[in-house]
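Student: only geometry, no sequence info:
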């Protein structure tokens, strides 16, 4: 996603707890020498965040974009470990909170803060209540800060749907592919999102001078989608459709030869 900013001639600083991810991201982004800088940072540690922004000279950057999120906890609400839900909120709510609190004073006048929530806030899924609540809190934070920090700064939020990213790399390849296919097939656009789709939206939210307090859905029509079929049922129906298409093609060939 930072490559969208670099492609427009910008300079970015990307932060993560994971050094290897930072190195891979910087190499992937490319750009002119000096256009990408990396820092190791755990945004759930308030003291780290404060020290990080203390090291940044005011007026160096136009935008602060906070996308960090660990693996979300899933399961029946009554059986979930509250400690796991708290950990999710540390990354999804308090991380952005700390970054905005200590980062806002360092941004140039007319700049922007952009958070990331998610489609589950307004289209909840069963066994996803912690993420539903965390996403809702981020969107509420967006609106509150748009009032408090304006007019000097704008504050917006991207609400992405299902994207084909490393977030699902922990799944077995066949399960991952089945989930993405079943979800994509349930959307009006018949596909899941790709990282550049989110990058374009983040760039818009960070640079459009008349947008603040906005929660922008970039979800392939997820808000109006039909419910996705279970992965195994979707796979079976897909095989049946492919078999029918092959049979029709075979029949067409026979007719053409008669």
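Tutor: Thanks, I have the structure now. Everything numeric here is computed off the predicted structure, so don't read it as measured data.

Student: buried stuff in the lengthiest strand in the chain?
Tutor: Criterion DSSP state E: the longest strand present in the chain is strand 107-116. Buried residues in strand 107-116, counted by 16 or more other Cβ atoms under 10 Å: 107, 111, 112, 113, 114, 115, 116. For glycine as for every other residue, the C-beta is placed from the backbone atoms N, C-alpha and C.

Student: now those as TSV including distance to residue 189 and pLDDT?
Tutor: Shown next, in TSV, are the buried residues of strand 107-116 (distance: Cβ to Cβ, whole Å; pLDDT from 0 to 100):
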residue	distance to residue 189	pLDDT
107	34	98
111	32	98
112	27	98
113	29	98
114	23	98
115	24	98
116	20	97
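
Student: What is the burial count for residue 40?
Tutor: Other residues near residue 40 number 12, with proximity taken as other Cβ atoms under 10 Å.

Student: so what's it bridging to?
Tutor: Counting by DSSP bridges, residue 40 forms beta bridges with residue 16.

Student: who's in contact with it?
Tutor: Residues in contact with residue 40 (Cβ atoms under 8 Å, 6 or more residues apart in numbering) are 15, 16, 17, 19, 22.

Student: State the distance from the residue nearest the centre of the chain to residue 113.
Tutor: The centre of the chain sits closest to residue 160, judged by Cα atoms, centre = their mean, with a distance of 5.4 Å. Separation of residue 160 from residue 113 (Cβ to Cβ, to the nearest Å) stands at 17 Å.

Student: Ok, residue 199 next?
Tutor: 17 Å.

Student: How about residue 161?
Tutor: For residue 161, the distance to residue 113 equals 22 Å [Cβ to Cβ].

Student: And the strands in the stretch 1-150 of the chain, which stretches?
Tutor: Counting by DSSP state E, counting those that start in this stretch, the segments of the stretch 1-150 of the chain that form strands are 12-16, 36-40, 61-65, 107-116.

Student: what's the average pLDDT for the second one?
Tutor: Read it as strand 36-40. Across strand 36-40, the average pLDDT comes to 95.

Student: ok, back up a step: what's the closest of the buried residues of strand 107-116 to residue 64?
Tutor: Among the buried residues of strand 107-116, residue 113 lies closest to residue 64 (Cβ to Cβ), at 4.8 Å.

Student: can you list the residues that contact the helix or strand residue 199 falls within?
Tutor: Assigned by DSSP states H and E, residue 199 falls within helix 195-207. For helix 195-207, contacts defined as Cβ under 8 Å, 6+ apart pick out 1-5, 8, 62-63, 65, 67, 112, 114, 156-158, 160, 163-165, 211, 214, 216, 218.

Student: Now that helix: buried residues?
Tutor: 195, 197, 198, 199, 201, 202, 203, 204, 205, 206, 207.

Student: now stretch 208-226, how far from the centre of its chain.
Tutor: Chain-centre distance of stretch 208-226: 12 Å, with Cα atoms, centre = their mean, to the nearest Å.

Student: Quick one: the strands in the stretch 151-258 of the chain, in order.
Tutor: 154-160, 215-218.

Student: just the angle between the longest one and strand 107-116, please?
Tutor: It refers to strand 154-160. 20 degrees (axes from the mean of the first three to the mean of the last three Cα atoms, to 10 degrees).

Student: Now do strand 154-160 and strand 61-65, the angle between them.
Tutor: Using the same axes, to 10 degrees: strand 154-160 against strand 61-65 is 40 degrees.

Student: Going forward, count from 659.
Tutor: Shifting the count to begin at 659 puts that one at strand 812-818.

Student: Give me the distance between strand 812-818 and the centre of its chain.
Tutor: The answer for strand 812-818 is 10 Å, by Cα atoms, centre = their mean.
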